[in-house]
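Novice: below is the structure, and that's it, no one-letter string:
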């Protein structure tokens, strides 16, 4: 996964969605975030929660670059939500959001979407803005109009998901 080596800054991701330990671990394991994201998340948790877990305090005390293990595994195991699919969906959303907001940095942003589509095992929910996928809507009069529709579908997905992940 993460064929494109897109690194999501923790600050960026945490402003857009509410991250949990499972999300952080998934992002680190798939190389969408560095292990330092776990330390940043631990610092945020320690600052926000009255009685943070001991492992979060220990993780928050680490220096950047130090091993986050076994603390992160302990924190993941303590979490109530065991839906790892939501971690994958959330990181896919953040990656697509990052690319959309930085599309000027990419020669062909829709090609990047195709690679992300493959990296996340071809999820149906983003097929409407993958160029090679058949559209449920009739073709428009020009290639440019069809491209604009793909970008519009992409933006609608991002808007819809942004509301659900808050």
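Specialist: Good, I have the coordinates. All figures in this text were calculated on a predicted structure; none of them were measured in a lab. Numbering: from 1, shown residues only.
Novice: domains of the chain?
Specialist: By the assignment in automatic domain parsing, the chain contains the domains 10-78, 84-164.
Novice: just tell me which of those ends up closest to residue 2.
Specialist: Nearest of those to residue 2, taken as C-beta to C-beta: domain 10-78 at 4.8 Å. Any C-beta I mention is one placed from the backbone N, CA and C, and that applies to glycine too.
Novice: about what we covered before: can I get the domains of the chain in JSON lines with mean neighbour count, distance to residue 2 and mean pLDDT?
Specialist: Shown next, in JSON lines, are those (neighbours: other C-beta atoms under 10 Å; distance: least, C-beta to C-beta, whole Å; pLDDT from 0 to 100):
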{"stretch": "domain 10-78", "mean neighbour count": "18", "distance to residue 2": "5", "mean pLDDT": "96"}
{"stretch": "domain 84-164", "mean neighbour count": "15", "distance to residue 2": "6", "mean pLDDT": "93"}
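Novice: can I get those domains in JSON lines including distance to residue 4?
Specialist: As requested, the domains of the chain are exported to JSON lines (distance: least, C-beta to C-beta, whole Å):
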{"stretch": "domain 10-78", "distance to residue 4": "10"}
{"stretch": "domain 84-164", "distance to residue 4": "6"}
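Novice: return the distance of the residue positioned nearest the centre of the chain relative to residue 152.
Specialist: Computing the C-alpha centroid of the chain and ranking residues by C-alpha atoms, centre = their mean puts residue 91 first, at 2.0 Å. Separation of residue 91 from residue 152 (C-beta to C-beta, to the nearest Å) stands at 23 Å.
Novice: for residue 21, give me phi and psi.
Specialist: The phi/psi pair for residue 21 (degrees, to the nearest 10) reads phi -60, psi -30.
Novice: noted, bye for now.
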